[in-house]
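In: Give me a model of this one.
(one chain, ligands or ions: 2)
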Amino acid sequence: MKILLKNALILKNAFSDFVKENIFIENGKIVEIGKFQRQADKVYDLSGKLIMPGFVNAHTHAAMTLMRGVAEDVSLEEWLFKKIFPIEDKLTPEDVYIGTMIAQMEMARKGVVAYVDMYFHCEAVVQAAIDFGMKALITRGLTDQSGSDNGRLRQNIEYFEKFNGKDGLVFIGFGPHAPYSCSLDYLDRVATVANELGAPVTIHLYESEKETYSLKEILKTKLSECRVIFAHCVHLKESDIELLAKESFFVAHSPTSNLKLANGIAPVSKMLEKNIQVCLGTDGAASNNTLDIWHEMRLASLLQKARDPVKICTTEALSMATLTGAKASGLTSGSLDTGYDADLIVLDIEKPWYLPLEQLKSHLIHSANSLDVYATMIKGRWVYFNGVFPTVDESEIKNRFEGVVQRLIDIEN
Ligand SMILES: CSC[C@H]1O[C@@H](n2cnc3c(O)ncnc32)[C@H](O)[C@@H]1O
Ligand SMILES: [Zn+2]
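Out: Ligands and ions are numbered 1, 2, ... in the order given. Got it, this is the predicted structure:
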């Protein structure tokens, strides 16, 4: 399939300038960007639109759309242990499939092309990603709190063997939940396996001020040799910041979830000063409550500006949401270039809040609305286009979702 996108403004990546050129896509890949004439099977006139790289949501629990709004105005501890875990105990693979589908619809609607997930019933997450056509780094949440992991690591390895690389969309990593739910021995075992398989790892780290373990000790395990996405990193000591400054380490910053669960504000400016690679994640819809990277991008920037107007600048924010997220997840997105997968979004910039157009880059952070996304393409396939989700039956998914939620409510009563 040959696709021509013409007459749009193009932002190739966070660091580039806007150009008015055409994009030619063949078999899911960008073949040419420039001022050319070519024959195509499908031609889209995108006058008045901006084409830019899609966002990477570098930390989420997609299926938690099922629990959006069920546990409000509580601390992380109460939220997780008293409200969320009891509901999660009742989730079936079918529930996780439907919850993940709704999450993907929301993310595609808001310009996300790839996400990093940590959950369970991962075969259902894989199926949802494949059926929808979204890129995902999927990890099995791992804990050994009761002294045993009840086969979770074995399951994660099986997911890797069965699904890693599937359709060029799904990749499998390892998801030790947090240092407070994984012993050091277990973390070492998980990291050893991940390292042998060349798979990335993601783990919650220093989310609340009650988390008092030692990062130095944690990094004496094989985790130090893995590609790791550390989620949250709100309560880092100066010495911890130094430890995270490493080519293979990434921090997924989730400002909304951190504020909503009263965990505070991550020291992102300090991290960026030390060249730590910071990307953005929404966390799950039960703690955010949206899956909106535009919102995270703006909030991340504003929270640091509370103390220093220089941080986080437009280019930095955009690159956190695109290039750094792509690098962290290992998913080849984040930039529009010849040879890259066509993972892009089309934004309707004919709205008053994109004027003056001369300052368009700033508007993308401080004035844009996620619902201005007109279309989202992943590997050359539209997964959202002008109000329609071409790869799924929207009303069927919504009906099934309501059915699952009703069942969960009935169990509770
Ligand atoms: C075992 S699968 C992943 C696990 O993580 C839980 N979770 C979701 N958000 C957070 C968070 O902010 N901190 C800690 N744990 C979180 C989710 O409910 C799943 O049980
Ligand atoms: Zn999380």
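
In: switch to C-alpha atoms for all contacts and neighbour counts from now on
Out: Noted.

In: Give me the spatial nearest neighbour of Asn7, chain neighbours excluded.
Out: Leaving aside its chain neighbours, Asn7 sits nearest to Ser47 (4.9 Å; criterion: CA to CA, 6 or more residues apart in numbering).

In: Only the buried residues of stretch 117-127, if you could.
Out: Of the residues in stretch 117-127, those buried by neighbour count under the rule 16 or more other CA atoms under 10 Å are 117-127.

In: repeat for stretch 17-24
Out: If you call a residue buried by 16+ other CA under 10 Å, then stretch 17-24 has these buried ones: 18, 20-24.

In: now swap in stretch 314-330 and tell me
Out: Under 16+ other CA under 10 Å, the buried positions of stretch 314-330 are 314-330.

In: re earlier: for ligand 1, tell me which of the buried residues of stretch 117-127 show up nearby.
Out: Filtering the buried residues of stretch 117-127 for neighbours of ligand 1 using CA under 6 Å from any ligand atom leaves 118-120.

In: So which of those residues is the closest to Val373?
Out: In terms of CA to CA, no member of these lies closer to Val373 than Met118, at 26.1 Å.

In: What helices and strands are in contact with the helix or strand containing the closest one?
Out: Assigned by DSSP states H and E, Met118 belongs to strand 112-119. Packed against strand 112-119, as judged by 3 or more CA pairs under 8 Å, 6 or more residues apart in numbering; DSSP states H and E, are the following elements: strand 55-60, strand 135-142, strand 373-378.

In: Mean neighbour count, the ones you listed: which tops it?
Out: Ranked by mean neighbour count under mean count of other CA atoms under 10 Å, these are led by strand 55-60, which reaches a mean of 31.

In: Would you mind pulling the contact partners of it?
Out: With contact meaning CA atoms under 8 Å, 6 or more residues apart in numbering, strand 55-60 is reached by 111-118, 231, 252, 254, 279-284, 293, 321-322, 325-326, 328-329, 333-334.

In: can it be found next to ligand 1?
Out: No. Contact of strand 55-60 with ligand 1 is not found when judged by CA under 6 Å from any ligand atom; the minimum separation is 7.5 Å.

In: Following the chain past that strand, name the next helix or strand.
Out: Downstream of strand 55-60, the first helix or strand assigned by DSSP H and E is helix 76-77.

In: Alpha carbons only: can I get whichever helix or strand comes after that next one in PDB?
Out: The C-terminal neighbour of helix 76-77 among helices and strands, as given by DSSP H and E, is helix 85-88. Taking Å, rounded to 0.1, in the frame of the first residue of the first chain, the C-alpha atoms of helix 85-88 are listed here in PDB:
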ATOM      1  CA  PHE A  85      -6.000  -4.900  44.500                       C
ATOM      2  CA  PRO A  86      -9.300  -6.300  45.700                       C
ATOM      3  CA  ILE A  87     -10.900  -5.400  42.300                       C
ATOM      4  CA  GLU A  88      -7.900  -6.700  40.300                       C
END
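
In: Quick one: distance of helix 85-88 to the chain centre.
Out: Centroid separation between helix 85-88 and its chain, computed with CA atoms, centre = their mean, to the nearest Å, is 23 Å.

In: Average pLDDT for that helix, rounded please.
Out: Per-residue confidence for helix 85-88 averages out to 96 on the pLDDT scale.

In: Repeat that for stretch 61-75.
Out: Confidence over stretch 61-75 (mean pLDDT, whole number) is 97.

In: Need the distance between the two termini of that stretch.
Out: The separation between the terminal residues of stretch 61-75, taken as CA to CA, to the nearest Å, is 18 Å.

In: tell me how far that stretch is from the chain's mean position?
Out: In terms of CA atoms, centre = their mean, the gap separating the centre of stretch 61-75 from the centre of its chain is 17 Å.

In: Test my guess that Glu211 contacts His204.
Out: No. Contact between Glu211 and His204 fails when scored by CA atoms under 8 Å: they sit 10.6 Å apart.

In: More neighbours: these two, which one.
Out: Taking neighbours as other CA atoms under 10 Å, Glu211 and His204 compare with His204 leading, 21 against 13.

In: Count the residues that sit near Leu259.
Out: Other residues close to Leu259 by other CA under 10 Å number 14.

In: show me the contacts for it.
Out: Ile265.

In: Likewise for Tyr44?
Out: Neighbouring residues of Tyr44 by CA under 8 Å, 6+ apart: 3-6.

In: Now list the buried members of those residues.
Out: If you count burial by 16+ other CA under 10 Å, the buried members of those come out as 3-6.

In: Tell me how the chain divides into domains.
Out: For the chain, the domain assignment from the TED database gives the residue ranges 2-53+340-385, 55-329.

In: Deepest-packed of those domains, please.
Out: Comparing these by mean count of other CA under 10 Å gives domain 55-329 as most buried, with a mean of 21.

In: contact partners of stretch 34-43?
Out: When contacts are taken as CA under 8 Å, 6+ apart, the neighbours of stretch 34-43 outside the stretch itself are 1-6, 21-24.

In: so of those residues, which ones are in strands?
Out: In strands, judged by DSSP state E, the following of the contacts of stretch 34-43 are found: 2-6, 21-24.

In: So which residues on the stretch 251-400 of the chain come close to ligand 1?
Out: Taking CA under 6 Å from any ligand atom, the part of the stretch 251-400 of the chain that reaches ligand 1 is made up of 283-284.

In: on that earlier part again, can I get the buried ones among the contacts of Tyr44 in TSV including pLDDT?
Out: Putting the buried ones among the contacts of Tyr44 into TSV (pLDDT from 0 to 100) gives the following:
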residue	pLDDT
Ile3	98
Leu4	98
Leu5	98
Lys6	97
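
In: Of those, just say which sits nearest to Leu197.
Out: For those, the closest approach to Leu197 (CA to CA) belongs to Ile3, at 36.2 Å.

In: show me what contacts the closest one?
Out: Remark: with contacts taken as CA under 8 Å, 6+ apart, Ile3 is in contact with 24-26, 40-44.

In: Let's see that with 10 Å instead.
Out: Contacts here follow CA atoms under 10 Å, 6 or more residues apart in numbering; on that basis Ile3 touches 23-31, 38-44, 380-381.
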